[in-house]
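In: Take a look and give me a structure for this.
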Amino acid sequence: MQEPEEYNVIHIGPESENPLDRALVREAKKGKLSGMAGYISMAVMFLGFGILNLSFQLSLSENDEKIAALIDEVGSLSQANFVLSEQVISQEGVLQSIEKDFSHLDEAVSTGDTSVMQQALQNILGKLSEVGDAAVNLSEDLLGVSNDETFDILVLGTNGAHTDSIMVASINEEKEKISLFSIPRDLYINGRRINAYYTYYGVDQLERMVESVTGLEMDKYVQVDLAGFTEIVDILGGLDIYVSEDIYDSLYPNGKGGYLTYSISKGLHQMDGTEALRYARSRESTSDFDRSERQQVVMTAVRNKLMELDGLMDIKQLTAIFQTVMEYTATNMDLLDIVGYYYDYKDYDLNTGFGLTSGNYLYSVINESGAYVLLPKTGNFEEIQGVISDLVN
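Out: Down below sits the predicted model:
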């Protein structure tokens, strides 16, 4: 396959945590920022009638500073995201118009001209609403997140400060299906591999990068460490997994700075936690893409095992298993959430096998630092977001 001659680092958002409260941004996505404009409007009315000497210029200056700070926070925008800066600049005319309305309101209050006062207030309210709606659209563009209808869970397999596995389980309640797909750890975004965001910034920042790539909003996350994974599989009584091809790996890490040989033949195997972990992690004789497929196979086997146990145990016993499993995981779900989700979604169709690879929407290069990285063939993530939207919907 012929590789593109050039590639650009794709800047979709800041590498460090945005100082704005992320909860506020999510509320803005749901259209609640326009509601906030209503509260601002009420404050303007009180100011207009009760305080004659208030400096409206100062208020506008503060708004200008906020927009300037937002532009600075976005950082160096690529050509693909230049439209975002245009959206911010386009609000300048609205702000200037509001400034004139404030001046008219000030004059009307001084002279007692109620008709002019009323008209100025109406103009201000309408324009503040426009600014609020624009802020909602801008927040969605900055995050690269669509108003998706799915319930999306980020699933991470971690080894200390590193993550070896990044998957998304997207649940479509209308179609009663779960789509499980993988994101390669070498995917390059904002000047670094995507798995590095977990190492340096934690789960929250990694979530933001996954959202930028997929166009899905991560509602929850589950993080399972290697040691916890083996314990969970053993708690479930092992997994039945069909191995699609022979594997021979003479360089499997032994956890002590050395290596051991791991091999397994094609066919159906009953695996304990240690064997399932080795099957999911081995990569020396295959590739990261093959490993991602095997990790999806293991996740499917875990789900099948839970459904098998569900037929043998009552809800109290199954809840006890979930409680034990939670001891080995980090998640923003509580026990009641997990039990509820399981019973809500256990009968949904599970679609697996999809992953972003150099064989479909990515290509590999060696970057300026000499590191192997993966980039989208189109130069941005719009095509990938469209493919994932079709997949989950």
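In: mind listing the helices for the protein?
Out: If DSSP state H is used as the criterion, the helices of the chain fall at 22-29, 33-50, 56-74, 82-89, 91-111, 114-143, 196-201, 203-214, 226-235, 273-281, 288-310, 315-326, 335-345, 382-392.
In: Just name whatever secondary elements the shortest one is in contact with.
Out: This points to helix 196-201. Judged by 3 or more C-beta pairs under 8 Å, 6 or more residues apart in numbering; DSSP states H and E, helix 196-201 is in contact with strand 162-172, helix 203-214. The C-beta positions use only the backbone N, C-alpha and C, and glycine is treated the same way.
In: right, and those - which one's nearest Arg294?
Out: Among the helices and strands packed on helix 196-201, strand 162-172 comes nearest to Arg294, with 9.9 Å by C-beta to C-beta.
In: From the rest of the structure, what touches that closest one?
Out: By C-beta atoms under 8 Å, 6 or more residues apart in numbering, the surrounding residues in contact with strand 162-172 are 149-158, 177-185, 194-195, 198-199, 206, 210, 214, 216, 218, 280-281, 292, 295-296, 299, 345, 348, 388, 391-393.
In: Find me the pLDDT at His162, would you?
Out: Turning to His162, the model gives it a pLDDT of 92.
In: How much space separates it from Leu180?
Out: Taking C-beta to C-beta, to the nearest Å as the measure, His162 and Leu180 are separated by 22 Å.
In: Of these two, which one has the most company?
Out: Leu180 (22 against 12; other C-beta atoms under 10 Å).
In: ok, for Leu156, nearest residue in space, not its chain neighbours?
Out: Closest residue in space to Leu156, ignoring its immediate chain neighbours: Gln223 at 4.4 Å, by C-beta to C-beta, 6 or more residues apart in numbering.
In: where's the one you found relative to Gly311, distance?
Out: Gln223 sits 29 Å away from Gly311, going by C-beta to C-beta.
In: Which one's more surrounded, the two?
Out: For Gln223 against Gly311, the residue with the higher neighbour count under other C-beta under 10 Å is Gln223, and the figures read 18 against 6.
In: Might one say that that one is in contact with Asn159?
Out: No: Gln223 lies out of contact with Asn159 (C-beta atoms under 8 Å); the separation is 11.2 Å.
In: tell me the phi and psi of the closest residue to Leu260 other than its chain neighbours?
Out: Nearest residue to Leu260, sequence neighbours excluded (C-beta to C-beta, 6+ apart): Asn254, at 4.6 Å. The phi and psi torsions at Asn254 (degrees, to the nearest 10) take the values phi -90, psi 0.
In: I'd like to know how many residues surround Asn254.
Out: The burial metric for Asn254, expressed as a neighbour count using other C-beta under 10 Å, is 11.
In: Now do it, the pLDDT please.
Out: Note on Asn254: pLDDT of 86.
In: again, but for Ser115
Out: Here, the pLDDT recorded for Ser115 equals 72.
In: Now do the domain split for this protein, please.
Out: Structural domains assigned to the chain are 22-143, 151-392, following automatic domain parsing.
In: ranking these by burial, who's on top?
Out: Burial among those, expressed as mean neighbours by mean count of other C-beta atoms under 10 Å, is greatest for domain 151-392, which shows a mean of 17.
In: Much appreciated, bye for now.
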